[in-house]
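> Provided below for reference: sequence and predicted model.
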Amino acid sequence: MELKGKKVLVAGSGLSGIGAARLLDQLGAEVILYDGNEALTREELERKLNGAKADIVIGQMTKELASKCDLMILSPGISAFGPLAMTFKDLSIPVWGEVELAYEASKGKIAAITGTNGKTTTTALVGAILRAFYEETFVVGNIGIPFTSIALDTTEKSVIAAEISSFQLETIDQFHPEVSAVLNVTPDHLDRHKTMENYADTKLSISKNQTKDQVLVLNYDDTITRAMGARINASPFYFSRTMELHHGAYLKDGVFYISIEGEKQEICKTEELKLLGGHNHENVLAAISIAYFMKVPVEIIHKVVTSFQAVEHRIEYVDTVNGVDYYNDSKGTNPDAAIKGIQAMNKKTVLIGGGYDKGASYDEWIDAFDGKVTWLILLGATADAIEKTAMEHGFTNIIKVETFEEAVETAAKKAKDGEAVLLSPACASWGMFPNYEVRGKQFKELVYAMKR
């Protein structure tokens, strides 16, 4: 769609919405920046726009305003099936997301990565590998840098590693990556997607525009993603840390291999990695696969994978205070991700959990404690539900607290010399923090303050 002169409404004034508004202004569109939060002020939004031109509308959306628009750009925090989006759809006005807009404005080849867990680490690792081989590499998306912010900087020579959430995939249309990946699908965001089938289908839509000569990387060890291979136009390429694959990437006897129709190449050994935990072996296998089909030589893949450090907020070692190791896994925002955090610990652990209620079940998370978790410190909206589940599973060493500071202080008191404290909440941060990054940074600051 030619956007110059078109009247485009951007819904939402967060990072994605502001990025979209700025890009649209650069493309010559007539921009309306809309936010339903009446507590916001025009001055706040003008500051965020930082000189970009846009009409600002705050409060109630009207059909009259919607009917004047040629296109709506929806921030990922707003459902594509909610009343706001449906107002535009009922008027037959296209509804895009920030990712679709950025795709339309950008050039180059995209490696797009989604999945319930591991997206950020895998995207960061893929980005690091691509940077080591290609001069023009961008790492964008749900990882914290809006795709729209770099779209006009790309050229035909550019390669882009993009972390894409299920919320962003609700609004893609022509989005067409060269290589895509669905790392895993476990229960998450069911308050929005309602059913696991809807959630899985949304994840799979990352590949809907790919062709047979392009690749969708899938996790063979996840039954949901394994089944996706029979439903796609693209060529499936599986990875596994439990099975040797004739055509795929796999881990065997501590060695990572990539096999193309039975011809295998060794990439690296687990002992060479700086990433902690078995779940990161899956992330490495996915990244190896994606980079290989983005035409990066094997020797460069080896060099980057073996030097890559863990990303911030994902089982990130913070410091040791009074003989206790502190780990920040604030990105463990659902039970499955938090299970991986516990599994990565190699010592007795005091666990801090709880937060926003996304409608998840905590049974498997509690079962994963497996004698390793000595105390569970709970806070937030899910504290009562998690406590009830833990008690049903026979885990009774539980302390509920009111504040995050109290949680860290209590964990420090309960942890013994030689043990660990792990922040891995199994819940989103909303309601207490703007996002998991802020939660993780506060945890680190509290640990550093104890050290001081």
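Looks like it came in fine.
> so what's the residue most central in space within the chain closest to, chain neighbours aside?
The chain has Lys119 as the residue nearest its centroid, 4.7 Å off, counting by Cα atoms, centre = their mean. Sequence neighbours aside, Glu163 is the residue nearest to Lys119 in space, at 4.8 Å (criterion: Cβ to Cβ, 6 or more residues apart in numbering). All C-beta atoms are positioned from the backbone trio N, CA, C, and that covers glycine.
> what's the answer for Met450, then?
Nearest to Met450 is Val321, by Cβ to Cβ, 6+ apart, at 4.9 Å.
> all strands for the stretch 101-250 of the chain, in order.
According to DSSP state E, counting those that start in this stretch, the stretch 101-250 of the chain carries its strands in the segments 109-114, 137-141, 159-163, 179-182, 215-219, 235-240, 248-252.
> hey, least reliable of these by pLDDT?
Among those, strand 137-141 carries the lowest mean pLDDT, at a mean of 92.
> which strands and helices sit next to that strand?
helix 119-133, strand 159-163 (3 or more Cβ pairs under 8 Å, 6 or more residues apart in numbering; DSSP states H and E).
> Let me know which of the ones you listed is the nearest to Arg42.
In terms of Cβ to Cβ, the element of the helices and strands packed on strand 137-141 nearest to Arg42 is strand 159-163, at 32.2 Å.
> which residues touch that closest one?
With Cβ atoms under 8 Å, 6 or more residues apart in numbering as the test, strand 159-163 has contacts from 99, 106, 108-114, 119-120, 123, 126-127, 130, 134, 136-143, 147, 150, 154, 177, 294.
> Stretch 230-241 now?
By Cβ under 8 Å, 6+ apart, stretch 230-241 touches 180, 204, 207-208, 210-221, 226, 228-229, 245, 247-251, 278, 281-282, 285-286, 288-289, 293.
> Just the buried residues of these.
Buried subset of these (neighbour count, 16 or more other Cβ atoms under 10 Å): 180, 204, 207-208, 210, 214-221, 228-229, 245, 248-251, 281-282, 285-286, 288-289, 293.
> about what we covered before: just give me the neighbour total for the residue nearest to Met450.
17 (other Cβ atoms under 10 Å).
> Leu446 is in contact with that one, correct?
No: taking contacts as Cβ atoms under 8 Å, Val321 lies outside contact range of Leu446: 10.3 Å.
> any weak-confidence spans in the stretch 1-150 of the chain?
Applying pLDDT under 70 to the stretch 1-150 of the chain flags the ranges 142-144.
> Mind giving me the packing neighbours of the helix or strand encompassing Ala385?
Applying DSSP states H and E as the criterion places Ala385 in helix 383-392. If contacts are counted by 3+ Cβ pairs under 8 Å, 6+ apart, helix 383-392 sits against helix 363-367, strand 373-378, strand 398-400.
> got the angle between the helix or strand following the shortest one and strand 373-378?
Right, the one you point to is strand 398-400. Next in sequence after strand 398-400, counting helices and strands by DSSP H and E, comes helix 404-414. Angle, helix 404-414 to strand 373-378, by axes from the mean of the first three to the mean of the last three Cα atoms, to 10 degrees: 160 degrees.
> Could you shift the numbering so residue one becomes 602, and keep it that way?
I'll keep to 602 as the first residue from here, and by that count the last item is helix 1005-1015.
> buried residues in helix 1005-1015?
Judged by neighbour count using 16+ other Cβ under 10 Å, the buried positions of helix 1005-1015 are Phe1005, Ala1008, Val1009, Thr1011, Ala1012, Ala1013, Lys1015.
> pretty sure the fifth one contacts Thr950?
No: look at Ala1012 against Thr950 with Cβ under 8 Å: they stay out of range, at 9.7 Å.
> Spatially, which residue comes closest to Leu731, not counting chain neighbours?
Nearest non-adjacent residue to Leu731, counting by Cβ to Cβ, 6+ apart: Thr738, 4.5 Å away.
> Many thanks, I have nothing further to ask.
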